[in-house]
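> sequence below, structure please.
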Amino acid sequence: MDFSETRCEVFQADEKTNLLARIWLPDGKVKAVLIGIHGGLAHAGDWVTPAKYFQKHGIATYALDLRWHGTFPQYNKGGKVMFHVNSYDEYTADIHAFYLWVTKQHSGTPIFMLSHSNGALIALKYGLDYADKTGVKGFIVSSPWLKNKVKMPALLVKMAGFLARIAPTMTVTPEDFTDRLTHDPAITARHHADTKSGLRGTKATVKLGAESMKTQEWVLENIHRWKRFPVFAVVAGQDVLADAGASIEALRSMDSKLLTLTVHDNNFHENFNELNREEIFSDILKWIHKHSGA
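Next comes the predicted model:
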């Protein structure tokens, strides 16, 4: 255990795939549970900062290393650390299976989805795909990766689908934005250390590029039909990865009664690791209380 977890467990996502789950449990009764879905090139340990905050308030956090992220090679023969997925349906299937597993650990306890960046894209797709299949109480999304802020060459965008078919795991090395994810130097140093140790990835595949663009387009086209689940959204004004304007426009297409939208103009991409995170966590805690009684 490296990130102050209470414990770790290996979760069997399907017949061939094992994913490490990091778990932070509070002392005493668990009032609510957060299921953390991390961003691209990241890992489940990145939830340590919000997890420790909510732990003090009786709320547990469960988080997986997504496929091809973090500790994936340790539990899957031939696995590598890279930003890759065959389909976002794999992601949502993994999250749904994990949700069902967590509900067995905490029967009757309110469960919320906590997500960031690519994880927020996954969470929003999950909410749209599985709206009638879960008892999730609500979704918390940070810097949802609904549109790329970084412009890709037009030729690469045009060829992404073709390359994904003929060489899906061909990798590219995107620009390193580690120093522009948070204004907190201690967390930035941790990110660099995780990259050096191999826990954080540095490469993305052409298949991921094609699948992410397809999923972004689908979520943007369908988010207006979001129903039932309340959403707490945090958007960063100085985001260099996710287009903040596109996120705000998309989120506001939801039923306004379901949406709580907060915009922090001076934040970099990682709102939950930013210098004003205690303010953000406090607002989320009040929102959780409102929607769960926790």
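> over to L114. Which of the three states is it?
Here L114 is recorded as strand under DSSP: H, G, I helix; E, B strand; the rest coil.
> so what pairs up with it in the strands?
L114 forms beta bridges with G36, I140, as assigned by DSSP bridges.
> any idea how far it is from R22?
Computed as Cβ to Cβ, to the nearest Å, the L114 to R22 distance reads 13 Å. C-beta: built from backbone N, CA, C; applies to glycine.
> joint contacts of those two?
Contact criterion Cβ atoms under 8 Å, 6 or more residues apart in numbering; residues bridging L114 and R22 by contacting each: W47.
> quick check: closest non-adjacent residue to Y126.
Closest residue to Y126 apart from its sequence neighbours, by Cβ to Cβ, 6 or more residues apart in numbering: T92 at 4.6 Å.
> kindly apply the preceding question to S292 instead.
Closest to S292 by Cβ to Cβ, 6+ apart is P110, at 3.6 Å.
> ok, the one you found to K137 distance?
From P110 to K137 the distance is 5 Å (Cβ to Cβ).
> any shared contact partners between these two?
Shared contacts of P110 and K137 (Cβ under 8 Å, 6+ apart): 32, 291-292.
> quick one: buried ones out of those?
Neighbour counting with 16 or more other Cβ atoms under 10 Å marks 32, 291-292 as buried within these.
> could those residues go into JSON lines alongside secondary structure, distance to F268 and pLDDT?
Shown next, in JSON lines, are these (DSSP: H, G, I helix; E, B strand; the rest coil; distance: Cβ to Cβ, whole Å; pLDDT from 0 to 100):
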{"residue": "A32", "secondary structure": "strand", "distance to F268": "28", "pLDDT": "98"}
{"residue": "H291", "secondary structure": "helix", "distance to F268": "28", "pLDDT": "96"}
{"residue": "S292", "secondary structure": "helix", "distance to F268": "30", "pLDDT": "90"}
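> distance to P174 for the residues you listed - can I get that in JSON lines?
Output for these, formatted as JSON lines (distance: Cβ to Cβ, whole Å):
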{"residue": "A32", "distance to P174": "35"}
{"residue": "H291", "distance to P174": "36"}
{"residue": "S292", "distance to P174": "38"}
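> tell me the one of those nearest R225?
H291 (20.6 Å; Cβ to Cβ).
> is it true that that closest one touches V136?
No. The criterion here is Cβ atoms under 8 Å, and H291 misses it with V136 at 10.4 Å.
> any common contacting residues for these two?
Joint contacts of H291 and V136 (Cβ under 8 Å, 6+ apart) are F112.
> now do the same contact list for K56.
Residues counted as contacts of K56 (Cβ under 8 Å, 6+ apart) are P26.
> can you check the pLDDT for it?
Looking at K56, its pLDDT reads 97.
> so where's the chain uncertain?
1, 151-164, 167, 293-294 (pLDDT under 70).
> tell me how far S256 lies from Q55.
32 Å.
> more neighbours, those two?
Between S256 and Q55, Q55 has the larger neighbour count (other Cβ atoms under 10 Å), namely 19 against 9.
> state the distance from that one to N271.
Q55 is 19 Å from N271, by Cβ to Cβ.
> could you do P110 as well?
22 Å.
> tell me who's in contact with P144.
115, 117, 120-121, 124, 233, 235, 242, 247, 250-251.
> ok, now with 10 Å
Listed by Cβ atoms under 10 Å, 6 or more residues apart in numbering, the contact set of P144 reads 115-124, 216, 219, 223, 231, 233-235, 242-244, 246-248, 250-251.
> how close does the residue nearest to S292 sit to V102?
Counting by Cβ to Cβ, the gap from P110 to V102 is 12 Å.
> name the residues contacting each of those two.
In contact with both P110 and V102: 33-34, using Cβ under 10 Å, 6+ apart.
> what about the helix or strand hosting G127, distance to the chain center?
Taking DSSP states H and E as the criterion, G127 maps to helix 118-129. Offset of helix 118-129 from its chain centre (Cα atoms, centre = their mean, to the nearest Å): 9 Å.
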